[in-house]
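[1] Here's my sequence, what's the structure:
(2 chains)
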Amino acid sequence: MEGLRWEEESALVTYATLPAQRTDGVTDSYLARFSFVYYPDWPPSVTFVSPATRAYDAAHWPKINNSDRMAFHPVYGDAPAGLICNSMFFEFYFWGGHARQAGQCWEKSLHTMAATVAELRIHLSQLYYVGPNR
Amino acid sequence: MTERDFEVQVKSLVTGETVRFKMDATATVKATWDKAYEELQEHPRQGETFRCANGTDLTNRLDATLEQLRQDGICPDAHFEIRGPSGGAEAGA
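    Next up, the predicted model:
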């Protein structure tokens, strides 16, 4: 995806550095880990990780407001690495019993990881992004 | 290409594919959206929206021409995106 820095760890895991712009113009940076174990049957599994350890860390998640279709949950029930609650993310389908509305779900013959990245970029824009979840 | 033509770029945020094509300045936003589906070899899906590349929703400007958009300072570079529907929890205000 153009405009982002990607680092491939293996055939199934890659990291993306995502900019996030606050309303005051300050730009933060987040490291997201994309796992493709079940892709493209299911969307990528995504979590935010510590840039230092590359391990899931709730303190390195962004915080957003005012979205009608996405929520970031750094900690969510038994989910091992938090939950990005949106239908373009793997975890949406397996944690929390989310309602699946026709037309909004991942279609393996249609969607690509571009749809996942697009949702992240949209929600890390000034429209929704608040700041780090600390 | 004449001065009245627009070099249009449309990216599908559903598939990540980008297409470029020419449209006349008198073409409407809706016609441009339809042409984009043709070029992308995709079919319209309920809930999709046509937007400027900066995210500005054009749902209320579908009957405007590309020239009118430019005059209004909206999408002056004629770069657009098709955004697909998705669902999830609401992030509170």
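
[2] end-to-end on stretch B:72-84?
    Stretch B:72-84 has its terminal residues 26 Å apart, counting by Cα to Cα, to the nearest Å.

[3] Off-centre distance for it?
    5 Å (Cα atoms, centre = their mean, to the nearest Å).

[4] now swap in stretch A:60-67 and tell me
    Worked out by Cα atoms, centre = their mean, stretch A:60-67 lies 11 Å from the chain centre.

[5] burial count for the residue nearest to residue A:105 when sequence neighbours are not counted?
    Leaving aside its chain neighbours, residue A:105 sits nearest to residue A:87 (5.4 Å; criterion: Cβ to Cβ, 6 or more residues apart in numbering or on different chains). All C-beta atoms are positioned from the backbone trio N, CA, C, and that covers glycine. Other residues near residue A:87 come to 26 when the count uses other Cβ atoms under 10 Å in any protein chain shown.

[6] residues contacting residue A:87?
    Applying Cβ atoms under 8 Å, 6 or more residues apart in numbering or on different chains, we find residue A:87 in contact with A:43, A:93, A:98, A:100, A:104, A:105, A:106, B:86, B:87, B:88.

[7] Report the buried members of the residues you listed.
    A:43, A:93, A:98, A:104, A:105, A:106, B:86, B:87, B:88 (16 or more other Cβ atoms under 10 Å in any protein chain shown).

[8] From the residues you listed, which one has the minimum pLDDT?
    Lowest-confidence member of the buried ones among the contacts of residue A:87: residue A:98, scoring 70 (pLDDT).

[9] Leaving out sequence neighbours, find the closest residue to it.
    Of all residues not flanking residue A:98 in the chain, residue A:92 sits nearest, at 5.7 Å (Cβ to Cβ, 6+ apart).

[10] Just to be sure, that neighbour is in a strand?
    No - going by DSSP: H, G, I helix; E, B strand; the rest coil, the assignment for residue A:92 is helix, not a strand.

[11] I'd say it and residue A:84 touch.
    Yes - if you go by Cβ atoms under 8 Å, residue A:92 and residue A:84 touch, sitting 7.3 Å apart.

[12] near chain A, which residues of chain B show up?
    With Cβ under 8 Å from any Cβ of the partner chain as the criterion, chain B comes near chain A at residues B:12-17, B:45-47, B:55, B:83-93.

[13] re the thing from before, higher neighbour count, residue A:92 and residue A:84?
    residue A:84 (30 against 25).

[14] and that one, what does it touch?
    By Cβ under 8 Å, 6+ apart, residue A:84 lies in contact with A:46, A:47, A:70, A:71, A:72, A:73, A:91, A:92, A:120, B:88.

[15] switch to 7 Å and redo it
    A:46, A:72, A:91 (Cβ atoms under 7 Å, 6 or more residues apart in numbering or on different chains).

[16] Over to residue B:57?
    B:49, B:51.

[17] what's the pLDDT at it?
    96.

[18] how about it, phi and psi?
    Main-chain torsions, residue B:57, degrees, to the nearest 10: phi -70, psi 130.

[19] Just give the number of residues close to residue A:133.
    Using other Cβ under 10 Å, residue A:133 is surrounded by 18 other residues.

[20] Isn't it up against residue A:57?
    No - Residue A:133 is beyond contact range of residue A:57, at 10.2 Å (criterion: Cβ atoms under 7 Å).
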